[in-house]
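Undergrad: Sharing a model that was predicted from the sequence below.
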Amino acid sequence: MSAIEETHVSGAQFGNTVRMGVNRVVAATLQTAPGVNPLGSDSSLGAKPGLYAPVIQVTGLTNFGGGLNGTSFGNYWFTTWQMYDDAFWSAGKHSIKAGFAFERIDSDFLLAANPNGVFRFNTLADFLANRPASLQFQYGTLAPRELRQNVFGVYVDDDYRPAGNLTLNLGLRYEPASVPTEVNGNLANLRTLGSAQIYAGDPLFQNPTLANLEPRVGIAWDPFRTGKTAVRAGFGIFDVLPLTYQFNLLEASAAPFQEIGSSSSLPAGSFPTGAVSLVQLASALRTSFIEFEPKRNYVMQWSASVQREVFRNVTVMAGYAASRGVHNAMRTTDANGAIPTMTPDGLVWPCAGVVAAGACSTPGGGPRFNASYGQIDGQVWNGSSSYNALLLTARRRFARGLEAQLSFTWSHSEDTGSSVGSGGPFLNSVSGQFLFAPLRAPSDFNVGRMLVGSGTWEVPFGRTKPWGGWQVGGILNVSDGLPFTPLISGDALGQANQSLFDVPDRLDGPGCEDAVNPGNPSQYIKLNCFAFPSPSTRFGNAGRNSLIGPGVATVDASLIKNMAVGGLGQGAHLQFRAELFNLANRANFAAPLANNRLFDAKGAPVSFAGQSTTLSTSPRQLQLGVKLIW
């Protein structure tokens, strides 16, 4: 397929797809006919007759991970070819730098998504009554992808010194990138979320990078001409290029080049065999939606600082750093599902049954964003981000080889989504964000306050003696915890998709000013501060990343012995190291991410909800090592 050709593929053309031959059922295991592979006989897994046990997820129970070869896997081959050069020129008060860069990206990958299938059940009662909520299943032949992309860059930069105590930096960079292509034209995209047609081949989207001019400006000033004070400030624009890593997962699972079916409207009794045929329909295929005319995605960054030597050997610094992200990429694992209604109380999904005591008997049933397909991996460029930080540092050199430094950062990072590589890149991420209404909240990686103290002591005694050459060091790290989200398990809203996101209501009763119990891992979340929404098809008000996990405090120490080694040149020495991590052996509990689902889809409390059962740091560890330095 040439670069100017495009193929329009309608959902109806996928009717005659490869079917998995189901022979019989043993408990929750799919039994295939000898020689029949659910992945297809041409898949990289080969034809493996026998049992193919699906993954089973039930709210309140530990997930069953599936049978042999049931785990998702990926093989990646990534190569970049780079060519660049820089030139320098000094003329009077100007120091000019200019250069160019070219990069060729070869990104090849082969991915298998839940080869044995994934059954999900909203509640334990649904599992026991054989009422599955959804099934996702990959069948047919695994299709590799070979993405190609070019990145260009050219810049000019001038350090101008109008006075001996003042330096101005002025620069400009131009950095466009080509739109990713695939060697065999195996790219697929819905031009709109509701489109019934898949556009295969080039272009994947319109290029938003052709006007990527990035100005930079900076200043360094010694106002008193004493060499003891430095004032620095800078501003720059940096583009976030739409590179191949953003589209690997989107394209690896997209029909018509990969056959992954899903359904969230399964009849009772369809587990485990009856549901298989329902996900092997054209209207159940998984594909991708990438905004076809994205806007330029860039980040503005600026900073300012004042550094001063206040006493002899004592230097302090105070600074401010900030950034703003514009037209950030927003990613969700499944943009398809039932369409909600915006009401004065927030987003409300349709109820196909009756609402009694605030609970919908049969959630869902309304029209979907796209009835022609199943799961739709989605990416649009409607996000934003911001970062603000106060930076304080003090450093002192003492006599007799002792040096200490103390740094404090008070910051806040906020965004509508913290990554574009996948829907949920961090353990505390939610993967089912709403593309039509992204939730701006603290970033998944936001840490409000961080204090770091460090020191080293070159032991002065006997430095020239065989028993000398000792060095002692230590690092203190104290910080706030990471944010996380209280969730509702299952599909109380009736979204009817493969990436559910639902939160409870946050209550304002006594003791709920802060909805967590610091220092109490057995009940870290205050469950009395949350309630199941009424009606159950209303999205709760608890918000994304509205809770903060436990803080972290560690002390690390090191003892080093340096011994001179002759015959290897000046300064060569052998170093023996003993390092202790988490010296106090403090139990730094992590956020209760394994127990942050407070209610099931029917409003019943989930067992062990709110308990923190994992650690964010290792227990005390001793590490011994030898290093030869020359």
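TA: On my side now, so go ahead. Numbering: from 1, shown residues only.
Undergrad: surely Arg161 meets Ser90?
TA: No: judged on CB atoms under 8 Å, Arg161 makes no contact with Ser90 at a distance of 10.6 Å. Yep, even glycine has a C-beta here, placed from its N, CA and C like the rest.
Undergrad: Pick out whichever of these two has more residues nearby.
TA: Arg161 (14 against 9; other CB atoms under 10 Å).
Undergrad: Show the pLDDT at the more buried one.
TA: Note for Arg161: predicted pLDDT of 96.
Undergrad: Figure out the helix or strand that it lives in.
TA: strand 145-163 (DSSP states H and E).
Undergrad: Adjacent strands (with direction) for the one helix or strand Met342 maps to?
TA: Element membership for Met342, per DSSP H and E: strand 341-343. Paired neighbours of strand 341-343 in the sheet (DSSP bridges): strand 346-348 (antiparallel).
Undergrad: now the end-to-end length of stretch 183-195.
TA: 25 Å (CA to CA, to the nearest Å).
Undergrad: do stretch 555-572 as well
TA: Span of stretch 555-572 from end to end, CA to CA: 30 Å.
Undergrad: Let me see the mean pLDDT of it.
TA: pLDDT averaged over stretch 555-572 gives 85.
Undergrad: again, but for stretch 406-423
TA: 88.
Undergrad: cool, and stretch 57-68?
TA: Averaged across stretch 57-68, the pLDDT comes to 80.
Undergrad: Same check on stretch 578-598?
TA: 95.
Undergrad: same thing with stretch 445-460?
TA: The pLDDT scores in stretch 445-460 average 95.
Undergrad: For Asn562, give me its contacts.
TA: For Asn562, the contacting residues are 469-471, 573-575, by CB atoms under 8 Å, 6 or more residues apart in numbering.
Undergrad: Redo the residues you listed as a markdown table? Include neighbour count, secondary structure and distance to Val240.
TA: As requested, the contacts of Asn562 are exported to a markdown table (neighbours: other CB atoms under 10 Å; DSSP: H, G, I helix; E, B strand; the rest coil; distance: CB to CB, whole Å):
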| residue | neighbour count | secondary structure | distance to Val240 |
| --- | --- | --- | --- |
| Gly469 | 20 | coil | 48 |
| Trp470 | 17 | strand | 48 |
| Gln471 | 16 | strand | 42 |
| His573 | 15 | strand | 45 |
| Leu574 | 16 | strand | 46 |
| Gln575 | 16 | strand | 41 |
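Undergrad: unless I'm mixing things up, Lys627 is touching Arg577, no?
TA: Yes: counting by CB under 8 Å, Arg577 is a contact partner of Lys627 at 6.6 Å.
Undergrad: So which of the two has more stuff around it?
TA: It is Arg577, of Lys627 and Arg577, that has more neighbours when counted by other CB under 10 Å, with 16 against 11.
Undergrad: what does the helix or strand harbouring that one contact?
TA: Under the criterion of DSSP H and E, Arg577 resides in strand 573-581. Applying CB under 8 Å, 6+ apart, the contact partners of strand 573-581 are 469, 554, 556-565, 618, 620-630.
Undergrad: Enumerate the beta-bridge partners assigned to the nearest residue to Leu166 once chain neighbours are set aside.
TA: Nearest-residue entry for Leu166: Trp221, 5.2 Å, with adjacent residues in sequence omitted and distances by CB to CB, 6 or more residues apart in numbering. Counting by DSSP bridges, Trp221 forms beta bridges with Leu166, Val231.
Undergrad: for Trp221, what are its contacts?
TA: So Trp221 contacts 165-167, 230-232 (CB under 8 Å, 6+ apart).
Undergrad: For the strand holding Met342, buried residues please.
TA: For strand 341-343, a neighbour-count test (16 or more other CB atoms under 10 Å) marks nothing as buried.
Undergrad: and Lys93, how many neighbours?
TA: 13.
Undergrad: thought it was touching Asp159?
TA: No: using CB under 8 Å, Lys93 makes no contact with Asp159, being 9.0 Å away.
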